[in-house]
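In: Please work out how this folds:
(3 chains)
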Amino acid sequence: MPPPKTSKSEYIETDTGNKISRRSQIHGTQHIILGGKTVIQAEAVIRGDLFRGASTVDPNNPSTPPPSTPSVAINVGRYSYISKSAILRPPSRLHRGTHSFYPLKIGDHVFVGEGAVIEAAQLGNHVHVGKGAVVGSMAIIKDYAYVLDGAVVPPGMVVPSWCVVGGKPARIVGEVGEGYGVEGADGGLARERYRVVGRP
Amino acid sequence: MSRPFPYTFISCPCADTPVPDPARKRRSRESPQKQSPQKPAPRPSTSEGEKKGTTANEQRDEDDEDEQTFDPRSPRSDFSLYPPEQLLYCEECHQIKCSRCITEEIVSWYCPSCLFETPSSMVRGDGNRCGRNCFNCPVCTAPLAVSTIENATGNGTQQGPWVLSCAYCLWTTLDIGIKFDKPTNIRSQLQKMTDATPPAAFDRSRQASRTLDSLKHPLSSSASVEEHGNARERERDIEHPAPKEDPTAPPMGADAQFAALKNFYRAQIAETSNSPNDHLSSDFGFSSPGALNRLMSLYTSSSRLGGLYGGNKKAKSKPPVMREALTASEGLQIAPKNGEADIIARLASPDCGWEGVASLDQRKAQAPNARFVGDLLPLPVLLRTKRAKRCKSCKHILVKPETKPQSTRFRIRLIALSYIPLPTLCPLAFSSSSALPSMAPTPDLDSLSPLRPIHVLLTLKNHMFDPVRITLATPPVTPGRVATKVTVLSPQFEIGANSDVWDEALQGASATSSGDSKSAGLGQRGVPEAGKVWDKGRNWTTVVLEVVPGTLPGSSAEGGDGNPETTDEDVVAVAASRKDEDVLEIPVFVHMDWDADAQLDQQNLGKASKADDKVTRELAYWMVLGVGRIQASL
Amino acid sequence: MATLKPPTNTHRSSSSGPPKAPLKADSTATIADNVVFQGPYPVTIGAGTVIHPRAKFYTYEGPIVVGDGCIICEKAVIGAPPPSSSRSSSPQPSRDAESSPKESTTRISYFVTIGPSSIIEPGVHIHSSATIEALAIIRRGADIGSHAKVGSTCEITGRVGEWFVVWGSGPGMRRKRARGPKPMSPAVLDAARIAQTAIPAPAPAGKVIEDARLMVLQKEREVLGRMLVPVKKK
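Out: Just a heads-up that it's a prediction; the model follows:
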């Protein structure tokens, strides 16, 4: 992602078709993989700088150079959409005495609503995270799950496929229909969403 | 889930034409008085005098139901409108199916937390809950994690002790003074800890049955209580040096008490039943008709009641009567003498307070005697199911998911979207009243100006492999008190056939370019014209709807459109029905027909109507377009 | 707040634009690049504290004091941004005009965690080892007791006692955490009495969980201190 040169349009389009707002706030780009055709809107914070490895290398020698192949902090699939002011940060936890960050994996056709805070270990394909929702550390949201606006998914929760969760803390409140995720219907609007981004 | 504008809902036709349900027919044959639910509910009589007062939808007559406009605001509509992706389609009935026209069958049970499948044989034993390590917080319902206390020191020895802890509200089992020795099989560890069955359960049950023996004969007489008292004393003298009936003794756990009561009543049923193969003694006996008859006769037979209340005349000829549990081993639980006072004292004590009392929501999931936060136990996670869905009328399977909990695939999935065109709605970026069409911004759907015409684009996308002819019809004015004028500029059109997935993949590039052409065409196309489709693609067609939002009753913009005279009644009605009246929803009747390949069933009939084995099929349904919200003022 | 354009790196060091708050940070504190410090009053940051990028400190109404060992996450807003109407003008007169001249210090004590996108208004006092989760709002003059936790999206006015957890939505539900050893669940005691088995050994006090949590936080701070891109010293 090259730095913006001219501020003609709001979005920079990469070779693989990612549309990234010039006003997005992305850290540690070398640790972020975007699958292509992903949209990142303005003021979204993406914490690629919180990657696994630095802590596990050698705690006594902090000046150790990072490994040659940068470890992945955030992996986003195709046609995913990160709305304005959302925050993606890799989850972290203490395991066997060492504190380390774990990669945040986001699948294809995922929608992350405005101002949502995602600290999950995984968001599957076609996952919808509503506006102002919080997905706690190490949570796993499976394919086709739907997180309602303002829900607080507690840390470590697993949301099964096709389930709708809402509330604070989030509980399973229903299921989406069998047609959810069909192209053009609810859950299958990712291509259309991508298409209209950056249009004057 | 309420949806943002614009949205489209489809009405399942079952709302108007009840699905013929063979099961219900059978039932109704058995009991003739049950036929009434088959018929639509009787409508209020519509005499001329009443008509004035009733609203439009109540005036609907049965006979011209087909002619009636679907009213999205009618209370009945709430039960027939579905987002398109929730509807199914039965290929046998050639009809849209909603969640009310299907029956469900459980394919598998799984824990939503660990996503392991629970075999059906174990589901009942585990109480429909996960038998592994999955628990919900009794305070806030968030999932509990198994964590070790020692791990925190960083030694990584993982020696335990272990606790369940909630990462959301920070509740841990230490709040109720519980720790675990192993990180596995937490459920059985917890069960062991809270299992309140007396140690010699077998002995106790035998002795209970002996008690029954001693009580059996004089059951119907009033002397039985005394007799029983004697028996109890006798028993206590012999076998119970410990004061078993002492009210200060700890009550049995809820599970143990339930088990004791269940055993007791089962024994009672066995003892008092007339015939050896009485249905009551079986596990499922209570729901059988025989059992019902028997239970009813217990209460209706006056002679038997007389027998209970002292009249000892026919006692010997009558079958013995069931009695209630009388000892703790039978499941009787006597409220402690000063239980209430104790609870009140505890409520008032400074270390309890408001925070120490369990809320109703928390208590609902707990044992009946749990009153304080300190009484709450972690809740094993309730299992969820994967379900197959069948058409209610023809029993064909419409949806069959894969058994594995982790799989999102379906073996069979007949969703309506594969058959009926998918409707999508979007506002056209200019209004005809504007002088500079290309400059006008997209109207704000959450506040539409009354009486200012807007155009919305309705795109129908065909997922079938046959081209479809569509006829759209809307009422000229939307039903309800806010009269919005609607015109479909080209009500009759065709949608091309869907092509193969492969074609679609190969045409991936052209698909995006087609989208480009759409927007590029905006400038050239100019204003929408009547009788012309707006845009057309391989398997989709877009038409324009001209919408003139009506004025809200009582708003400043109200003119000649609304009802001119405002009586007191109307004012009351406005206040009552204010809610969501400003939502602009347009009912659209969709009629589609297409030439389908004659399927197997037609060939079997042997009368393919056309030479090329094509049959004309048609389908008609109502859909509702949620356009936006109308502003109160101009 | 949304209308306020966050000053970029170049902006901050230049003389024009909003005033940069005087920063007194301990040398062991880790302050990421892209953290915003704005306003006339100083910001004091204690030893070992980690501040994630895009956090914002506004000292228009009074100084901000952050103790040792805190973690302040992305887009957390501490203090109140200047009213958007007077954004272009110098904030000093606007402060005098808008509010009383009385300055209100915002205090964040030791080992406090402040989650992403949370809002801490001026004059708030957060005591040691408290946790404010993502998107929570702590209104003016609130007082968060030590070892308390304010759950995601909760909104606090007034006081939260020490060792209390606020969860749910809005003002939320409250629950006191176990600090000392708690009596064993009556279900277990009854079961043991009826089944005539030994009562299980008493569990440790709830405090061990809190100790463990603080230990984890300590490790997280150490790791973050090595990973974050610090402010470029000029």
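In: hey, which helix or strand in the chain has the poorest pLDDT?
Out: No chain in the question, so chain A it is. helix A:54-57 (a mean of 45; mean pLDDT, DSSP states H and E).
In: What strands line up against the helix or strand following it, and which way round?
Out: Per DSSP states H and E, the first helix or strand lying C-terminal to helix A:54-57 is strand A:74-76. According to DSSP bridges, strand A:74-76 has the following sheet partners: strand A:32-34 (parallel), strand A:104-106 (parallel).
In: Residue B:4 belongs to a strand, doesn't it?
Out: No: with DSSP: H, G, I helix; E, B strand; the rest coil as the criterion, residue B:4 is coil rather than part of a strand.
In: ok, it to chain A distance?
Out: For residue B:4, the distance to chain A (Cβ to the nearest Cβ, to the nearest Å) stands at 10 Å. Yep, even glycine has a C-beta here, placed from its N, CA and C like the rest.
In: which of the strands paired with strand A:74-76 sits most buried?
Out: strand A:104-106 (a mean of 24; mean count of other Cβ atoms under 10 Å in any protein chain shown).
In: partners of the next helix or strand after that one, with directions?
Out: Where DSSP H and E defines the elements, the next helix or strand beyond strand A:104-106 is strand A:111-112. Strands that pair with strand A:111-112, judged by DSSP bridges, come out as strand A:81-82 (parallel), strand A:128-129 (parallel).
In: show me the contacts for residue C:111.
Out: C:67, C:68, C:69, C:70, C:128, C:129, C:214, C:217 (Cβ atoms under 8 Å, 6 or more residues apart in numbering or on different chains).
In: Name the member of those residues with the most neighbours.
Out: Within these, neighbour counts (other Cβ atoms under 10 Å in any protein chain shown) peak at residue C:70, which reaches 26 neighbours.
In: could you say what helices and strands the helix or strand where residue C:192 lies packs with?
Out: Assigned by DSSP H and E, residue C:192 belongs to helix C:186-195. Other elements packing on helix C:186-195 under the criterion 3 or more Cβ pairs under 8 Å, 6 or more residues apart in numbering or on different chains; DSSP states H and E are helix B:186-194.
In: what comes into contact with the helix it packs on?
Out: Contacts to helix B:186-194, defined as Cβ under 8 Å, 6+ apart, come from residues B:130-133, B:135, B:146, B:162, B:164, B:178, B:180-182, B:253, B:377-378, B:380, C:185, C:187-188, C:191-192, C:200.
In: ok, is stretch B:369-381 in contact with chain C or not?
Out: Yes: between stretch B:369-381 and chain C, judged by Cβ under 8 Å from any Cβ of the partner chain, the touching residues are B:373, B:374, B:375, B:377.
In: Make JSON lines from those residues and add secondary structure, pLDDT and neighbour count to it.
Out: Formatted as JSON lines, the residues of stretch B:369-381 next to chain C follow (DSSP: H, G, I helix; E, B strand; the rest coil; pLDDT from 0 to 100; neighbours: other Cβ atoms under 10 Å in any protein chain shown):
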{"residue": "B:373", "secondary structure": "helix", "pLDDT": "87", "neighbour count": "21"}
{"residue": "B:374", "secondary structure": "helix", "pLDDT": "86", "neighbour count": "20"}
{"residue": "B:375", "secondary structure": "helix", "pLDDT": "87", "neighbour count": "18"}
{"residue": "B:377", "secondary structure": "coil", "pLDDT": "91", "neighbour count": "21"}
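In: Pick out whichever of these sits closest to chain A.
Out: Each of the residues of stretch B:369-381 next to chain C was scored against chain A by Cβ to the nearest Cβ, and residue B:373 proved nearest at 16.8 Å.
In: my read: that closest one touches residue B:357, true?
Out: Yes: using Cβ atoms under 8 Å, residue B:373 is in contact with residue B:357, at 6.9 Å.
In: Helices of chain A, start to end?
Out: Here chain A has its helices, by DSSP state H, at A:54-57, A:190-196.
In: what's the longest helix in chain C?
Out: Per DSSP H, chain C has its longest helix at helix C:207-227.
In: Report whether that helix contacts chain B.
Out: Yes: applying Cβ under 8 Å from any Cβ, one finds helix C:207-227 touching chain B at C:208, C:209, C:211, C:212, C:213, C:215, C:216, C:219.
In: and which of these is nearest residue A:93?
Out: The shortest approach to residue A:93 among these belongs to residue C:216, at 7.8 Å (Cβ to Cβ).
In: Apart from its neighbours in sequence, what residue is nearest that closest one?
Out: Leaving aside its chain neighbours, residue C:216 sits nearest to residue A:94 (4.7 Å; criterion: Cβ to Cβ, 6 or more residues apart in numbering or on different chains).
In: And for residue B:447?
Out: Nearest to residue B:447 is residue B:631, by Cβ to Cβ, 6+ apart, at 4.5 Å.
In: got a pLDDT number for the residue located most distally from the centre of chain C?
Out: Most distant from the centre of chain C: residue C:196, at 49.7 Å, with distances by Cα atoms, centre = their mean. Here, the pLDDT recorded for residue C:196 equals 75.
In: got it, and residue B:497?
Out: Looking at residue B:497, the pLDDT reads 84.
In: Might one say that it is in contact with residue B:464?
Out: Yes: with contact defined as Cβ under 8 Å, residue B:497 reaches residue B:464; the gap is 6.8 Å.
In: OK, contacts around the residue nearest to residue B:128 when sequence neighbours are not counted?
Out: Excluding the flanking residues, the one nearest residue B:128 by Cβ to Cβ, 6+ apart is residue B:383, at 5.3 Å. Residues in contact with residue B:383 (Cβ under 8 Å, 6+ apart) are B:109, B:110, B:111, B:112, B:118, B:123, B:126, B:128, B:129, B:130.
In: If we only consider those residues, which is nearest to chain A?
Out: Using Cβ to the nearest Cβ, the contacts of residue B:383 come closest to chain A at residue B:112, 4.7 Å.
In: quick one: the helices in chain C?
Out: Under DSSP H, chain C gives helices at C:9-13, C:91-98, C:186-195, C:207-227.
In: out of those helices, which comes closest to residue A:50?
Out: Between those, helix C:207-227 lies closest to residue A:50; by Cβ to Cβ that is 6.3 Å.
In: Could I get the contacting residues of the closest residue to chain C within chain A?
Out: Using Cβ to the nearest Cβ, the single residue of chain A nearest to chain C is residue A:99, 3.7 Å away. Listed by Cβ under 8 Å, 6+ apart, the contact set of residue A:99 reads A:55, A:92, A:93, C:216, C:219, C:220, C:222, C:223.
In: ok, of the residues you listed, which come out buried?
Out: A:55, A:92, A:93, C:216, C:219, C:220, C:222, C:223 (16 or more other Cβ atoms under 10 Å in any protein chain shown).
In: re earlier: using CSV, lay out the strands paired with strand A:111-112 together with mean pLDDT and mean neighbour count.
Out: As requested, these are arranged in CSV below (pLDDT from 0 to 100; neighbours: other Cβ atoms under 10 Å in any protein chain shown):
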stretch, mean pLDDT, mean neighbour count
strand A:81-82, 95, 26
strand A:128-129, 96, 28
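In: can I get these in TSV with distance to residue B:173?
Out: Output for the strands paired with strand A:111-112, formatted as TSV (distance: least, Cβ to Cβ, whole Å):
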stretch	distance to residue B:173
strand A:81-82	38
strand A:128-129	31
